[in-house]
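>>> Sequence plus predicted model, see below.
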Amino acid sequence: MIISIASGKGGTGKTTLAANLAVALRNIEPEVTLLDCDVEEPNDHLFLSPTFTRTNEIWAEVPDIDTKLCAYCGKCQEICQFNAIAILPELALTFPELCHSCGGCFMVCPENAVRSGKRLLGVVEEGSRGPLQFVQGRLRVGEAMAPPLIRKVREAAGGDGLTLVDAPPGTSCPVMAALRGSDFVLLVTEPTPFGLNDLELAVGAVRILGIPMGIAINRSDLGDDRIRKFAGKEKIPLLMEIPFDRRVAEAYAKGELLVEVLPEWREKMLTLYDAICRVQGGCGNGHNGREGSQ
Ligand code: SF4
Ligand code: SF4
């Protein structure tokens, strides 16, 4: 069971929900893993303070042209859709930062002159906080290609148990890479014009992937009811409303977990999980998330 927490824009409270849901569920489900796929700005660790036990560097394969073999025919340049190769009469230039590792230039070279080089994408760090397993990706500063690193974070999750994915904000390729294969997507938003606009985009993206979804409204009492109307019109279940609470803002500012400093938040997270399970219909082994609650 893979539940992704996503939002059409940053700053909606997505990471707060993901981290608190994970901690609340770690005593409910036998195995819970939180994946921070927001690799450009992974923040879950600030709330969890996990102990990391493993770090893997993730590399992309890029071309390295052997000029002793190159005949300067230009076929590699022709096939590259990303302008990562420039062939001049006596000069072969590669621009590794532009390469998307499609493999085309390796295949078309008639002289076998394209050797395998590599470019660091970032790291995948694995650890835990008590019984909660935690994996995060960190994109190298200056690196633009996040999806391959996100896929590695997704692969690092064990196949069993409950996996929660904290997806990057937005609706671009990194988001699709994070959401692909999920059983359910919780879209976190806020009741403002910007919130609605970005929610509409996010709903469109999740529909392309064909994944069941629900909506959570953060700071639900500070805007209007445009999100509720949209959810009703689109028949998307509204699973949670979180009114603005100064105590929540204070805990967030200190990097504290709400489920640990505000006891009612544990109950809120379990209720949310129940609602997700009802909509999705297949949580865990068929129970509703409350069985075995401690
Ligand atoms: S395809 Fe091969 S031989 Fe032709 S320019 Fe590229 S590296 Fe050189
Ligand atoms: S691997 Fe693909 S993207 Fe990279 S340089 Fe070769 S053709 Fe271009």
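Right, received. Where do you want to start? Numbering: from 1, shown residues only. Ligands and ions are numbered 1, 2, ... in the order given.
>>> a helix runs through Ala216, doesn't it?
No: residue state for Ala216 (DSSP: H, G, I helix; E, B strand; the rest coil) corresponds to strand; a helix is not indicated.
>>> so how far is Leu186 from the nearest residue to it once chain neighbours are set aside?
Distances taken as C-beta to C-beta, 6 or more residues apart in numbering place Met240 nearest to Ala216, at 4.0 Å, with adjacent residues excluded. C-beta: built from backbone N, CA, C; applies to glycine. Counting by C-beta to C-beta, to the nearest Å, the gap from Met240 to Leu186 is 8 Å.
>>> who's more crowded, these two?
Set Met240 next to Leu186 and count neighbours by other C-beta atoms under 10 Å: Leu186 wins out with 26 against 20.
>>> residue contacts, the closest residue to the more buried one other than its chain neighbours?
Among residues not flanking Leu186 along the chain, Ile5 sits closest, at 5.0 Å (C-beta to C-beta, 6+ apart). For Ile5, the contact set (C-beta atoms under 8 Å, 6 or more residues apart in numbering) comprises Lys14, Leu17, Ala18, Leu21, Leu164, Val165, Asp166, Ala167, Val185, Leu186, Val188.
>>> ok so, going back, quickly list what's touching both of Met240 and Leu186.
Ala216, Leu272.
>>> and this structure, which residues reach ligand 1?
65, 70-76, 87, 92, 108-109, 111, 113-114 (C-beta under 6 Å from any ligand atom).
>>> And those residues, which of them are buried?
With neighbours counted using 16 or more other C-beta atoms under 10 Å, those contain these buried positions: Ile65, Cys70, Lys75, Cys76, Ile87, Ala92, Cys109, Ala113, Val114.
>>> From these, pick the one nearest Glu267.
Val114 (58.6 Å; C-beta to C-beta).
>>> you'd agree the closest one is up against Phe106?
Yes: counting by C-beta atoms under 8 Å, Val114 touches Phe106, with 4.9 Å between them.
>>> so what sits against both of these two?
Between them, Val114 and Phe106 share the contacting residues Pro63, judged by C-beta under 8 Å, 6+ apart.
>>> Can you give the contact residues for the lowest-mean-pLDDT helix or strand in the chain?
Across the helices and strands of the chain, mean pLDDT, DSSP states H and E gives its lowest value to helix 246-253, namely a mean of 90. Here helix 246-253 makes contact (C-beta under 8 Å, 6+ apart) with Thr16, Ile242, Leu257, Leu258, Val261, Leu262.
>>> Among those, which are located in helices?
Thr16, Leu258, Val261 (DSSP state H).
>>> can you count the residues close to the second one?
Applying the criterion other C-beta under 10 Å, we find 25 residues in the vicinity of Leu258.
>>> Output the contacting helices and strands for whatever helix or strand Gly137 lives in.
Secondary structure from DSSP states H and E places Gly137 in strand 132-139. For strand 132-139, the elements it packs on are helix 14-25, strand 32-36, helix 44-48, strand 114-129, helix 147-155, judged by 3 or more C-beta pairs under 8 Å, 6 or more residues apart in numbering; DSSP states H and E.
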